[in-house]
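Engineer: Generate coordinates for the sequence data below:
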Amino acid sequence: MITGKIEAFRTEPLEDARFIKTERARYRQDGVEKSWEIVEAHDSVAILI
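Structural biologist: Next up is the predicted model:
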């Protein structure tokens, strides 16, 4: 699997998160700005709908 070069990776808080700690990850891959929402989780059982 070949992936592009990732540059300028950073995280920033997502506002108004009430029950879980969320952040946004921002980065540049092959010159294209991208972002993902990420969640800090502890040992648990979860359902994603």
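Engineer: just for the chain, where's the confidence low?
Structural biologist: Along the chain, the parts satisfying pLDDT under 70 run over 1-2, 14, 17-19, 41-44.
Engineer: Show residues contacting stretch 3-16.
Structural biologist: Contacting residues not belonging to stretch 3-16 are listed as 22-30, 37-38 [C-beta atoms under 8 Å, 6 or more residues apart in numbering]. In short, each C-beta sits where N, CA and C put it, glycine included.
Engineer: Which is the succeeding secondary structure element to the helix or strand harbouring R24?
Structural biologist: Taking DSSP states H and E as the definition, one finds R24 inside strand 21-29. Per DSSP H and E, strand 21-29 leads on to strand 32-40 as the next helix or strand towards the C-terminus.
Engineer: What is the burial count for E15?
Structural biologist: The number of residues packed near E15 is 7, by other C-beta atoms under 10 Å.
Engineer: helix/strand/coil for it?
Structural biologist: coil (DSSP: H, G, I helix; E, B strand; the rest coil).
Engineer: And it, how close does it get to E23?
Structural biologist: Using C-beta to C-beta, to the nearest Å, E15 is found at 11 Å from E23.
Engineer: quick one on the thing from earlier: tell me the buried residues in the strand holding R24?
Structural biologist: Neighbour counts over strand 21-29 (16 or more other C-beta atoms under 10 Å) mark E23 as buried.
Engineer: neighbouring contacts of it?
Structural biologist: 3-14, 33-40.
Engineer: I'd like the distance from it to the chain centre, please.
Structural biologist: Strand 21-29 sits 4 Å away from the centroid of its parent chain (C-alpha atoms, centre = their mean, to the nearest Å).
Engineer: then it to CSV, C-alphas only?
Structural biologist: C-alpha atoms of strand 21-29 as CSV (Å, rounded to 0.1, in the frame of the first residue of the first chain):
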residue,chain,number,x,y,z
LYS,A,21,-13.4,14.2,24.5
THR,A,22,-13.3,15.1,20.8
GLU,A,23,-10.7,16.8,18.7
ARG,A,24,-10.2,17.6,15.1
ALA,A,25,-7.0,16.4,13.3
ARG,A,26,-5.9,18.5,10.4
TYR,A,27,-3.1,17.7,8.0
ARG,A,28,-1.9,18.1,4.4
GLN,A,29,-1.5,14.9,2.3
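Engineer: Alright, calling it a day.
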